[in-house]
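Provided below are the primary sequence and the corresponding predicted coordinates.
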Amino acid sequence: MLKKPFSFKGRIRRTEFWLTIIIYWLVIFVLAYLGNNNPGGTESLIGVLLLVALFWFIFAQSAKRCHDLGRTAIWMFIPFYVIRMLFMEGGVRANKYGANPKGSKDPRLQL
């Protein structure tokens, strides 16, 4: 789980995407708390750099989840599509984005 979290290639399962969302919101709350207690200074610069890394992380994971659903990454920008990404089961077969992340042993499901 969370292999190559900053890569836009491959597919991830719903469980990993849920974990990604939880990590994202925890870090956002921590950064907001630290930002409110220490306005200005070098902490603000570190906070901005952490936000950039966090946005890269969430976009990469969202792109991989779209790939698991058989869609291109541009679909993550459609309003409310994240709800589908959170609850829809991914494709059972391998697709052009990679093998099934659940690791099916059935050779008929491989490309």
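Arrived safely, thanks for sending.

contacts, neighbours, all on C-alpha from now
Will do.

next, count neighbours for Thr72.
By other CA atoms under 10 Å, 14 other residues sit near Thr72.

that one touches Arg65, doesn't it?
No. Here Thr72 does not reach Arg65: they are 9.6 Å apart, not a contact under CA atoms under 8 Å.

which strands or helices does the helix or strand containing His67 pack on?
According to DSSP states H and E, His67 maps onto helix 42-68. The helices and strands touching helix 42-68, judged by 3 or more CA pairs under 8 Å, 6 or more residues apart in numbering; DSSP states H and E, are helix 14-37.

ok, now how distant is the residue nearest to the spatial centre of the chain from Gly35?
Central residue of the chain (CA atoms, centre = their mean): Gln61, 2.1 Å from the mean position. Separation of Gln61 from Gly35 (CA to CA, to the nearest Å): 25 Å.

ok, His67 - contacts?
By CA atoms under 8 Å, 6 or more residues apart in numbering, the residues touching His67 are Gly10, Arg11, Ile12, Ala73, Tyr97.

now the two most distant members of the residues you listed.
Ile12 and Ala73 (12.7 Å; CA to CA).
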